[in-house]
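[1] just the structure for this:
(chains A and B)
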Amino acid sequence: MEPVRIATWNVNSVKQRLPRLLPWLDERRPDVVCLQETKLADDAFAELLHDELAARSYEVAAHGEAAWNGVAILSRVGLDDVVAGLPGGPGFPHPEARAVSATCGGIRVVSVYVPNGRAPGSEHYEYKLAWLASLRDLVAGGPQEVVVCGDMNIAPTDDDVFDPEAYEGHTHVTAPEREALAELQALGLHDVVRDRWPGERVFSYWDYRAGMFHQDLGMRIDLILAGAPVAERVRAAWIDRQARKGKGPSDHAPVIVDLDEAPDGHIGPVVPPPSRPVVRRGAKTLPQTRE
DNA sequence: ATGCCTGAAGGGTTCAGA
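    Prediction:
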């Protein structure tokens, strides 16, 4: 088995992001890419991207719909047993295109775009929790050689937001959401970026407005969660901030993990660097939300 | 007082995002 690089990126419209996505594929050369918020139906996705991706040796599993949501997996290490959505999962009221799974290079890969939740206690919020429970069931029924990659729309801990006080009363940080994520992780999944960078200020999403990226006022909601046999192979895990800079970025940055080449040849877990405290700075409020 | 950006659909504006 060859070394493999797996990435996940909420591109916020693959059509609008094409001028950023293609150069990024050429620069980072990931073997497996999980995409979220593609915002395209599958035929439109194929029409837009088939040739560009085939030229880069990617096979594609896209599960999308017009205008909203949409996920995909690109792979050049095989793409088998594709499953669209969460079988038996909840809808709002109908199933949305928020998950797709495939086996790539011996690893079960799940690309997810977890519902936003909008407001704690709302119907959207209850849907979010039900969706997460269904995702847990899906993973529980699968192999340990698994990665769940995507936009979880949950900051796992207060270290994953620029200012916990700014998020009081908002989604993404509430106890039920974090508990639902913890129940998923309790299946044996490891948060590979946080494990590699304990205590570091590391975000994957910054609001477009109010110079939030420039001030590094963000949150870490895009995760790669790896089953133990995969987590043991991690050599590097990081967030590609470069992709959030410049002209026409997504509001999310890609997350990237590099695995070593084989379970029987692995060099063991990377020793994490010494922990440093998260330094908090900047505003104490979020850009205001319409009521 | 505030969706301050961005994207999409559809229609001259509205909704959604986190």
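
[2] could you give the average pLDDT over the host helix or strand of residue A:20?
    Per DSSP states H and E: residue A:20 is located in helix A:14-28. Averaging pLDDT along helix A:14-28 yields 97.

[3] can you give the contact residues for that helix?
    Outside helix A:14-28, the residues that touch it by CB atoms under 8 Å, 6 or more residues apart in numbering are A:5, A:7, A:9, A:11, A:33, A:35, A:38-40, A:44-45, A:48-49, A:52, A:56, A:58, A:70, A:72, A:240, A:243, A:246, A:248-250, A:254, A:256. From N, CA and C alone the C-beta is placed, and that goes for glycine too.

[4] can I get that helix as CSV, trimmed to CA atoms?
    The C-alpha coordinates for helix A:14-28 follow below in CSV (Å, rounded to 0.1, in the frame of the first residue of the first chain):
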residue,chain,number,x,y,z
VAL,A,14,-17.7,23.9,-6.5
LYS,A,15,-18.7,25.9,-9.5
GLN,A,16,-17.6,29.2,-8.0
ARG,A,17,-14.5,27.6,-6.5
LEU,A,18,-13.2,26.0,-9.6
PRO,A,19,-10.4,28.6,-10.1
ARG,A,20,-9.2,27.7,-6.6
LEU,A,21,-10.0,24.0,-6.5
LEU,A,22,-8.0,22.9,-9.6
PRO,A,23,-4.8,24.7,-8.7
TRP,A,24,-5.1,23.4,-5.2
LEU,A,25,-5.4,19.8,-6.4
ASP,A,26,-2.3,20.3,-8.5
GLU,A,27,-0.3,21.8,-5.7
ARG,A,28,-1.4,19.5,-2.8
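
[5] next one: it to chain centre, how far?
    Put simply, helix A:14-28 sits 17 Å off its chain's centre (CA atoms, centre = their mean, to the nearest Å).

[6] packing partners for the very next helix or strand once past that helix?
    Moving toward the C-terminus from helix A:14-28, the first helix or strand encountered (DSSP H and E) is strand A:32-36. Packed against strand A:32-36 by the contact rule (3 or more CB pairs under 8 Å, 6 or more residues apart in numbering; DSSP states H and E) you find strand A:4-10, strand A:71-75, strand A:107-113, strand A:146-151.

[7] secondary structure class for residue A:193?
    helix (DSSP: H, G, I helix; E, B strand; the rest coil).

[8] check contacts around it.
    A:202, A:220, A:223-224, A:237-239, A:255, A:257.

[9] roughly how far does it sit from DNA strand B?
    16 Å (CB to the nearest atom of the strand, to the nearest Å).
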